[in-house]
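Asker: Next one to model:
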Amino acid sequence: MNSNPLKFDWVSGGTSAIKLAMAASQSFHDRGGKFVDIASGYGETMDASSNYIFGWVETAGHSTADGTAYYTTSATAGSTILNCIISPDAVFRMPVAYYSATYTVNYAYTLIGTARDIYLDTTNKVQFADLTNSTDDFLIILDGLAASAEFDYAATNGQHGDGWVLVRPNPATMIAA
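Answerer: Numbering: from 1, shown residues only. I've put the predicted structure just below:
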């Protein structure tokens, strides 16, 4: 495994941020996306039940050598405060969900400018760009690298594929801070 894994984080654009009190026990994998919404007044990891993007929280610095580490907020809602980038023109790098019969679309140049979804693998605590679906349209695809092969994340103990995309939040699905 690469000793310097690819950084999944802010890449360019705006850096306007706020301090955001987080919901209890929210997990963010270092090698995954960190988009959040707001639920009951607290930041919460975006998943299938999310309705909008609030921003991207910064949690870097928790990786282990095998790349399977993740950061979890306190079990008490509001006890963890994270920096949350809320700039609508910010660009982020996140991994591509490209595995199993469900996530079958790999990155290709034809996706540039299209709106796609976010997928959260709750078992491995990884948030992916879902290039297969465009139901919620949370992300605008800007660039990327196709995965060299499909990966079954559960079977490979959380190891990540090498596909990634550069994205920005879709302004139509972003709530104003």
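Asker: Excluding chain neighbours, what is closest to the residue of the chain positioned farthest from its centre?
Answerer: No residue in the chain has its C-alpha farther from the mean C-alpha position than Thr76, which lies at 22.9 Å (Cα atoms, centre = their mean). Closest residue to Thr76 apart from its sequence neighbours, by Cβ to Cβ, 6 or more residues apart in numbering: Ala24 at 6.0 Å. Every residue, glycine included, has its C-beta placed from N, CA and C.
Asker: Is that neighbour in contact with Thr72, as I believe?
Answerer: No: Ala24 is not in contact with Thr72 according to Cβ atoms under 8 Å; the separation is 9.5 Å.
Asker: what residues does stretch 128-138 touch?
Answerer: Residues from elsewhere that reach stretch 128-138 (Cβ atoms under 8 Å, 6 or more residues apart in numbering): 32-33, 35, 46, 50-53, 94-98, 102-107, 111, 114-121, 139, 141, 165, 167, 169-170, 172-173.
Asker: thinking again about what came up before, please, which helix or strand holds the residue nearest to Thr76?
Answerer: With the criterion set as DSSP states H and E, no secondary-structure element contains Ala24; it sits in neither a helix nor a strand.
Asker: For it, give its distance to Gly55.
Answerer: Computed as Cβ to Cβ, to the nearest Å, the Ala24 to Gly55 distance reads 19 Å.
Asker: Counting neighbours, go ahead and name the busier of these two.
Answerer: Neighbours were tallied for Ala24 and for Gly55 using other Cβ atoms under 10 Å; the higher tally belongs to Gly55 (27 against 15).
Asker: And the residue nearest the centre of the chain?
Answerer: Note on the chain: the residue nearest the mean C-alpha position is Gly33, at 1.8 Å, using Cα atoms, centre = their mean.
Asker: Name the helix or strand for it, please.
Answerer: Assignment of secondary structure by DSSP H and E places Gly33 within no helix or strand.
Asker: That one reaches Phe92, doesn't it?
Answerer: Yes: with contact defined as Cβ under 8 Å, Gly33 reaches Phe92; the gap is 7.1 Å.
Asker: Overlap of the contact sets of the two?
Answerer: The contact sets of Gly33 and Phe92 overlap at 8, 56 (Cβ under 8 Å, 6+ apart).
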